[in-house]
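[1] here are the coordinates; sequence isn't available:
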């Protein structure tokens, strides 16, 4: 190393290269983690009035002030419209993932499976999972929480809390504690439920100061909970790590705020152009109908008619006539801008085809599959996180059930799988398998396996293969014995 440093120094001296001086600079983050989560929730809610209020409140620098939603137009009649795209994106992914969730398997332990099905039924598991996916996509991360309240249910109560209600304590990159935060009372106090392996404790906080639990009536009866086991009654989950806040998750809306803002601006300009482009009629006063009794001008009888009255011309040879004028609206330009900003919003997250939009006018089956590739990548990230979190939820729920029953927490091995995204329908599979079978390039076993996949067990497939062989007159002869005579 010393020799290399000497060589580098010699080269610098020979070339007269001056090393760069270190310069320090400060970059101020425009928003905090909590504010970012709140902004993402407002995007998901999709109310134009809330977006306008939020972005005007957050406008503290030149970049924020220049955004469409932060702008305060002089003419308050200008319409600000929201596309609703952020909420639609999340709801679409929730539908895609939740619909493909298979049953949780316990390695053939039927008793554990039966107990879990009862817990899942009482906690409305499909609704809980859908809420967990939506909360994680919007807020960035969250955690499943198990409550034990025999006054409400004899089974563990499952909940999912989003990132704005959860804090994590890490040690060597691993979660050691999960804190669940909830507002109590009317004085801005926060109840912190601290989940650790083997116990649950409570703290009542107000402005970073701890208060006794009996300071609030709703928390006065809370007592620490201890149980035998080295597991937490909580399971964290995130789909992508955040590049801004270490140890937190990244929302599907992060890095897309400017794209959503631009998309809404294009839509609002388009609608404003349509409103301004209504047909106008210019009618000379001499041609406007008059009341025969009073001589007052009357409005035309046509429904919804709007016109501008102009004075009769005094020029020589001038003729009074009704003029109908409609401004030209450049729909093609607005459509191109709409398509461009839509692609910006969806780029790297999902395909327009997933939302039923054929932006590229691509109709071939191959093109449709290519457009869905990015949706599949995002979906795989979601399902991978769920395949890790949901088995843990099932395992600790059954362990908690054992504790509630007065026994020792058992050990369970749970697994969960999801169906294949974009798999061809049954008719397509029959056609493909039939063509391969007719060409003699696929065995009967492969045909049955490809056609039915994981929807049938191995025993059923064996019987199906035997049935097909029998109907085709295919018989298996025993291997002939070969003598070893001398």
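    Perfect, thanks for sending it. It should be emphasised that the depicted structure is a prediction, and the values quoted were computed from it without experimental measurement.
[2] switch to C-alpha atoms for all contacts and neighbour counts from now on
    Will do.
[3] any chance you could map the helices in the protein?
    2-15, 33-45, 48-58, 62-66, 85-99, 110-122, 125-139, 257-276, 331-346, 365-371, 373-404, 426-438, 444-452, 458-471 (DSSP state H).
[4] pick the most buried one from the ones you listed.
    Comparing these by mean neighbour count (mean count of other CA atoms under 10 Å), helix 125-139 comes out on top with a mean of 21.
[5] got a list of contacts for that helix?
    37, 40-41, 44, 90-91, 94-95, 98, 141-142, 159-164, 237-239, 249-253, 382 (CA atoms under 8 Å, 6 or more residues apart in numbering).
[6] that older thread, ranking the helices of the chain by mean pLDDT, which is last?
    With a mean of 52, helix 365-371 has the lowest mean pLDDT of the helices of the chain.
[7] against residue 136, how distant is residue 355?
    20 Å (CA to CA, to the nearest Å).
[8] domain assignment for this protein?
    When the chain is parsed with automatic domain parsing, its domains come out as 278-326, 426-471.
[9] what strands line up against the strand ranked longest in the chain, and which way round?
    Looking across the chain with DSSP state E, the single longest strand is strand 174-184. Strand 174-184 pairs in its sheet with strand 166-171 (antiparallel), strand 189-196 (antiparallel), by DSSP bridges.
[10] and among the ones you listed, the most buried is which?
    The most buried one of the strands paired with strand 174-184 (mean count of other CA under 10 Å) is strand 189-196, showing a mean of 20.
[11] now do that one, average pLDDT.
    Here strand 189-196 scores 93 as its mean pLDDT.
[12] ok, and what's touching that strand?
    Contacts of strand 189-196 (CA under 8 Å, 6+ apart): 176-184, 200-207, 231-234.
[13] for stretch 160-171, same thing?
    Residues outside stretch 160-171 that contact it (CA under 8 Å, 6+ apart): 34, 37-38, 128, 131-132, 135-136, 139-145, 175-182, 247.
[14] check stretch 34-43 too.
    By CA under 8 Å, 6+ apart, stretch 34-43 touches 50, 51, 54, 86, 87, 138, 139, 140, 163, 164, 251, 253.
[15] check what pLDDT residue 359 gets.
    At residue 359, pLDDT is 54.
[16] what does the one 3 residues further on give?
    If you check residue 362, the pLDDT there is 47.
[17] cool, residue 454 as well?
    61.
[18] rewinding a little: which parts of the longest strand of the chain are buried?
    By neighbour count on 16 or more other CA atoms under 10 Å, the buried set for strand 174-184 is 177, 178, 179, 180, 181, 184.
[19] turn those into CSV, including pLDDT.
    Shown next, in CSV, are the buried residues of strand 174-184 (pLDDT from 0 to 100):
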residue, pLDDT
177, 94
178, 95
179, 95
180, 95
181, 94
184, 90
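[20] can you list these in CSV and add distance to residue 345?
    What follows is the buried residues of strand 174-184, written out as CSV (distance: CA to CA, whole Å):
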residue, distance to residue 345
177, 36
178, 33
179, 33
180, 32
181, 32
184, 38
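[21] quick check, nearest of the residues you listed to residue 67?
    residue 181 (32.7 Å; CA to CA).
[22] OK, contacts around that closest one?
    Residue 181 touches 165, 166, 167, 190, 191, 192, 193, counting by CA under 8 Å, 6+ apart.
[23] before we move on, what about residue 419?
    Here residue 419 is in contact with 100, 101, 102 (CA under 8 Å, 6+ apart).
[24] try it again at 6 Å.
    residue 100 (CA atoms under 6 Å, 6 or more residues apart in numbering).
[25] for it, give me the pLDDT.
    Note for residue 419: predicted pLDDT of 73.
[26] out of the strands paired with strand 174-184, the one nearest residue 215 is which?
    It is, among the strands paired with strand 174-184 and with distance given as CA to CA, strand 189-196, at 9.9 Å.
[27] how far does the closest one sit from its chain's centre?
    27 Å (CA atoms, centre = their mean, to the nearest Å).
[28] same check on stretch 164-184?
    The answer for stretch 164-184 is 22 Å, by CA atoms, centre = their mean.
[29] now the helices of the chain as TSV including distance to residue 414?
    Converted to TSV, the helices of the chain look like this (distance: least, CA to CA, whole Å):
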stretch	distance to residue 414
helix 2-15	56
helix 33-45	32
helix 48-58	43
helix 62-66	48
helix 85-99	18
helix 110-122	9
helix 125-139	16
helix 257-276	39
helix 331-346	35
helix 365-371	33
helix 373-404	5
helix 426-438	30
helix 444-452	24
helix 458-471	21
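[30] how about those, which one is nearest residue 416?
    helix 373-404 (5.7 Å).
[31] what packs against that closest one?
    Using 3 or more CA pairs under 6 Å, 6 or more residues apart in numbering; DSSP states H and E as the contact test, no helix or strand touches helix 373-404.
[32] from residue 275, how far out is residue 237?
    46 Å.
[33] swap in residue 8?
    69 Å.
[34] before we move on, what about residue 330?
    13 Å.
[35] who touches both of these two?
    Counting by CA under 6 Å, 6+ apart, nothing touches both residue 330 and residue 275.
[36] all strands for the stretch 201-350 of the chain, in order.
    209-211, 225-226, 234-238, 280-284, 307-310, 323-325 (DSSP state E, counting those that start in this stretch).
[37] rank those by mean pLDDT and give me the bottom one.
    Taking the mean pLDDT of these, strand 307-310 comes last: a mean of 48.
[38] residue 350 is in contact with residue 375, isn't it?
    Yes: using CA atoms under 6 Å, residue 350 makes contact with residue 375 at a distance of 4.2 Å.
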